[in-house]
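Novice: what would the 3D arrangement of this be:
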Amino acid sequence: MSYMTATEAEEEEEKASATASGEIHLPAEVDWEMLDKWRFFVLGAGLFSGVSAALYPAVVVKTRIQVAQPPPPCLRAMASILRHEGARGFYRGFATSLAGTVPARALYMGALEATKSAVGTATLRFGVPEPAATAAASAAAGLSAAIAAQFVWTPIDVISQRLMVQSSAAAAKYRGGVDAFRKILYSDGLRGLYRGFGMSILTYAPSNAVWWASYYLSQKLIWSGVGYRMTEGGCELRPGYGTVMAVQGLSAAVAGGASAVVTMPLDTIKTRMQVLDGEGERMTIGRTVRSLLREGGWGACYRGLGPRWVSMSLSATTMITTYEFLKRLSAKDPR
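Specialist: Residues are numbered from 1 along each chain as shown. Next up is the predicted model:
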């Protein structure tokens, strides 16, 4: 969820990709000051809810594999859910997840854009060169956005993941999101709802770093290739929004896949800390890692990699293109 937006750094990277034989002129970026905030958040809630619904089954399969002992292969896990629970099994906990998605994404996008604008302006005033100022603003924005979103998302994640792993209604421990909230709060207090909060930050921080680095590199390589083939002879290339979004989507897919591979062990540890009870003992990072190593060595940390790789690649592609489309829709009307 943390790698959803384009920044001014993208524009700098894309401009730098113009080759010596020609030049690529990209459409102007829609920044925070140019947005109708009400339209931005209302339309964003609807668009991102639809994206979340489309990608949710992969998250359910990934979560089931991460906590199962022994873990089933991906296709067998999918077949088992479909056979025993029907299509509804792929959407266990979705209502709870969706309820948290809207405020979490609103916090994320607001914190990201506001921090990026504020830090970027401040660093330029201190005389920092523009490329360094943009990089610092992007890093600070990503960090603040991830932390802000996790204050909402961690409790939602804990509840929705516990609902995901319930295999049948008859044996269900929780009767829904509200019931799960009450029982977790009663048994473990507020700490139970924020189980794995620190691990979530540790997971999403490197995930964002890997994602943005891969995203920038992918865009640079793609635009370099486009410029080499289409601007030969000194001709100019002015790609439309559709072409720009296609390049952004492809770059996002590559970045999402790379991020999934690099951060998979952290996600597995986080998920097990949030879902498993630890037989009456508190699930710490150390206990979780030792448990995984006993079950299957380091390979156990990569349980559910296939579904997560697919989910993050598709999510990155749809999120970045949806976000760019949302910003175009939410741009203030010129007066």
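Novice: who's in contact with T321?
Specialist: Taking CB atoms under 8 Å, 6 or more residues apart in numbering as the contact definition, T321 lies against M245, Q248, G249, A252. Any C-beta I mention is one placed from the backbone N, CA and C, and that applies to glycine too.
Novice: was I right about the last one contacting Y215?
Specialist: Yes. Contact between A252 and Y215 holds when scored by CB atoms under 8 Å: they sit 6.1 Å apart.
Novice: so the two - more neighbours on which side?
Specialist: Here A252 and Y215 are set side by side on neighbour count (other CB atoms under 10 Å), and the busier one is A252, at 30 against 27.
Novice: for that one, give me its contacts.
Specialist: Residues counted as contacts of A252 (CB under 8 Å, 6+ apart) are Y3, Y215, A316, T317, M319, I320, T321.
Novice: mind doing that once more with 10 Å?
Specialist: Applying CB atoms under 10 Å, 6 or more residues apart in numbering, we find A252 in contact with 3-4, 6, 211, 214-215, 218-219, 245, 312-321, 323.
Novice: tell me the pLDDT of it.
Specialist: At A252, the predicted lDDT confidence score is 87.
Novice: again, but for E232
Specialist: In the predicted model, E232 carries a pLDDT score of 50.
Novice: next one: the one 5 residues further on
Specialist: L237 is assigned a pLDDT of 66 by the prediction.
Novice: where in the stretch 201-335 of the chain is pLDDT low?
Specialist: Counting by pLDDT under 70, the stretch 201-335 of the chain contains low-confidence residues at 209, 212-213, 226-238, 278-281, 334-335.
Novice: do the same with the stretch 51-200 of the chain
Specialist: Counting by pLDDT under 70, the stretch 51-200 of the chain has low-confidence residues at 131, 135, 167-172.
Novice: what ranges do the helices span in the chain?
Specialist: For the chain, the helices defined by DSSP state H cover 8-16, 37-67, 74-85, 94-125, 130-164, 177-193, 197-230, 241-275, 285-296, 305-330.
Novice: before we move on, the earlier item: just send the contacts of T321 back as TSV, with distance to A133 too.
Specialist: Shown next, in TSV, are these (distance: CB to CB, whole Å):
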residue	distance to A133
M245	26
Q248	22
G249	27
A252	24
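Novice: neighbour-wise, which of those residues leads?
Specialist: A252 (30 neighbours).
Novice: would you mind measuring from that one to A258?
Specialist: Distance of A252 to A258, given as CB to CB, to the nearest Å: 11 Å.
Novice: now A95: closest residue in space that isn't a chain neighbour?
Specialist: Taking CB to CB, 6 or more residues apart in numbering as the measure, A95 lies nearest to G177, with 6.2 Å between them; neighbours along the chain are not counted.
Novice: and for T271?
Specialist: Using CB to CB, 6+ apart and skipping residues adjacent in sequence, the residue nearest T271 is Q66, 4.8 Å away.
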